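# Kindly return the folded structure for what I paste below:
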Amino acid sequence: MARVRTGLESFLSSPPKWIFGTRIGLLCNPASVDERFRHASELIDHRFPGHLKALYSPQHGFFSEKQDNMVESNHTIHPTLNIPVFSLYGKTRIPDKSMLDPIDILIIDLQDVGTRVYTFIHTMSYCMEAAKRLGKKVVVLDRPNPINGNMTEGNLLSVDCASFVGRYTIPMRHGMTIGELSLLFNNDFGIGCDLAVIPMKGWNREMFFKDTGLPWIAPSPNMPSPISAMVYPGQVLWEGTNVSEGRGTTLPFEMFGAPFIDVKRMLTVLDGYNLPGITLRSIVFEPTFNKWSGSPCNGFQIHITDPYKFKPFVTTLLLIHAVIVNHKDMFQWKQPPYEYEFERLPIDLIIGDKNIRQRVEKMDDISAIEDSWRDALKGFEETSRSVYLYK
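Here you go, the predicted model:
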């Protein structure tokens, strides 16, 4: 199997002439590595000695050391490069003038996971807006969409549900690389910064991460494997409920459950649902932190049997439906705050459309809810093709 070459590797092997002599900043985290596990900050510092002036970190910190949501990182100094590391998930999520003053060009090398609510793409968009405002150039080093570039799913974000987990009208599973998304944000959503994207070589839209030949480095603490990323477009919905999404275990998002769930009753309902591409295995787990910490939770682990048939977003809507059918008296939507929103329901921000949450509450047929977003999703697919870098 031929290995994919990331944008980082292409950039280092053939740097554009305009990069030389500039002051460079790098937005990155532990997943920003080459095929030999060497970190982008070290490689860029070695390739352009003395020109890497500042580093920037997204949610969870430069070393991806912060476990949970809404746990901020402080600015610091890199221990070996002795340059500032500015946190973009601290007192502000938007880089200000003082953060960008040390640089001329901001390089972004982040591993996205293909889902609208993953905050790295929104941190990127804030950086692009700040770069436009302050006259800086942005360079995005592209990386694979780990859940492939052909499959999209879900409703488009409604503007009244915009937040740090959703800024633009894109679907839950967007089917694009982070480089393609930067072009979409810049061109179709009007950021208009000075942007360059360094594409990968050898990647095609059919690929899941296992097909790339690249090493998986967890881009965040609760994304330990490519399987985590594959279930995440649906399983992230549990964050908006009182059901554990598996945080505080070794299999976050692959597992879900709560002490009040009756697995046998759940199975009687789930057996009548169409859940293609997966097998549900009943389990008991005990989170070490987050929801239900220290309490045994009854639930399931999702085992993916066919990733091309598996529809994560619709699957989790059906799972929530089954929990409500069996445990309406115990099931609850989580109350704010959530990702710096203190009034709106977290589930509305995650789903991106409060009407869908209301329809789930009313026990509307999930297939009818899915039908409601088909036309908009098709329109998004047609729009997004205009910025595809890979066919």
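
# for the longest helix anywhere in the chain, packing partners?
For the chain, the longest helix by residue count, based on DSSP state H, is helix 366-384. With contacts taken as 3 or more Cβ pairs under 8 Å, 6 or more residues apart in numbering; DSSP states H and E, helix 366-384 sits against strand 153-156, strand 171-173, helix 178-187, helix 312-327, helix 354-361. Yep, even glycine has a C-beta here, placed from its N, CA and C like the rest.

# Out of the ones you listed, which is the most enclosed?
strand 171-173 (a mean of 25; mean count of other Cβ atoms under 10 Å).

# Just name whatever secondary elements that strand is in contact with.
strand 153-156, helix 312-327, helix 366-384.

# re the thing from before, dump the helices and strands packed on helix 366-384 to CSV, plus mean pLDDT and distance to Pro30.
CSV is the format used below for these (pLDDT from 0 to 100; distance: least, Cβ to Cβ, whole Å):
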stretch, mean pLDDT, distance to Pro30
strand 153-156, 98, 28
strand 171-173, 98, 24
helix 178-187, 98, 16
helix 312-327, 97, 25
helix 354-361, 98, 34
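
# Reformat the ones you listed into CSV and put distance to Ser32 next to each item.
As requested, these are arranged in CSV below (distance: least, Cβ to Cβ, whole Å):
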stretch, distance to Ser32
strand 153-156, 27
strand 171-173, 23
helix 178-187, 11
helix 312-327, 26
helix 354-361, 34
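
# Let me know which of the ones you listed is the nearest to Leu81.
Shortest distance between Leu81 and the helices and strands packed on helix 366-384, using Cβ to Cβ, is found for helix 178-187: 23.7 Å.

# what helices or strands is the closest one leaning on?
Partner elements for helix 178-187 (3+ Cβ pairs under 8 Å, 6+ apart): helix 120-134, strand 137-141, strand 194-198, helix 366-384.

# Would you convert these into a markdown table that also reports mean pLDDT?
Below are the helices and strands packed on helix 178-187 laid out as a markdown table (pLDDT from 0 to 100):
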| stretch | mean pLDDT |
| --- | --- |
| helix 120-134 | 98 |
| strand 137-141 | 98 |
| strand 194-198 | 98 |
| helix 366-384 | 98 |
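
# now for these, which one comes closest to Pro337?
With Cβ to Cβ, the closest approach to Pro337 among those belongs to helix 120-134: 17.0 Å.

# May I have the closest one exported as CSV, CA atoms only?
The C-alpha trace of helix 120-134 is given here as CSV (Å, rounded to 0.1, in the frame of the first residue of the first chain):
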residue,chain,number,x,y,z
PHE,A,120,-10.1,22.7,15.4
ILE,A,121,-11.8,23.8,12.2
HIS,A,122,-13.4,26.8,14.0
THR,A,123,-10.1,27.7,15.6
MET,A,124,-8.7,27.7,12.1
SER,A,125,-11.5,30.0,10.9
TYR,A,126,-10.9,32.5,13.7
CYS,A,127,-7.2,32.5,12.8
MET,A,128,-8.0,33.2,9.1
GLU,A,129,-10.3,36.1,10.1
ALA,A,130,-7.6,37.6,12.3
ALA,A,131,-5.0,37.1,9.6
LYS,A,132,-7.3,39.0,7.2
ARG,A,133,-7.7,41.8,9.7
LEU,A,134,-4.0,42.1,10.5
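
# got the contact list for it?
27, 56, 58-59, 88-89, 93-97, 100, 106, 108, 110-112, 136-138, 140, 164-168, 178, 181-182, 185-186, 191-195, 219 (Cβ atoms under 8 Å, 6 or more residues apart in numbering).

# cool, and stretch 185-198?
By Cβ under 8 Å, 6+ apart, stretch 185-198 touches 7-8, 10-11, 16, 124-125, 128-129, 131-132, 136-142, 168, 179-180, 182-183, 383, 386-387, 389.

# ok, of the residues you listed, which come out buried?
Burial by neighbour count, judged by 16 or more other Cβ atoms under 10 Å, picks out 7-8, 10-11, 124-125, 128-129, 131-132, 136-142, 168, 179-180, 182-183, 387, 389 from the contacts of stretch 185-198.
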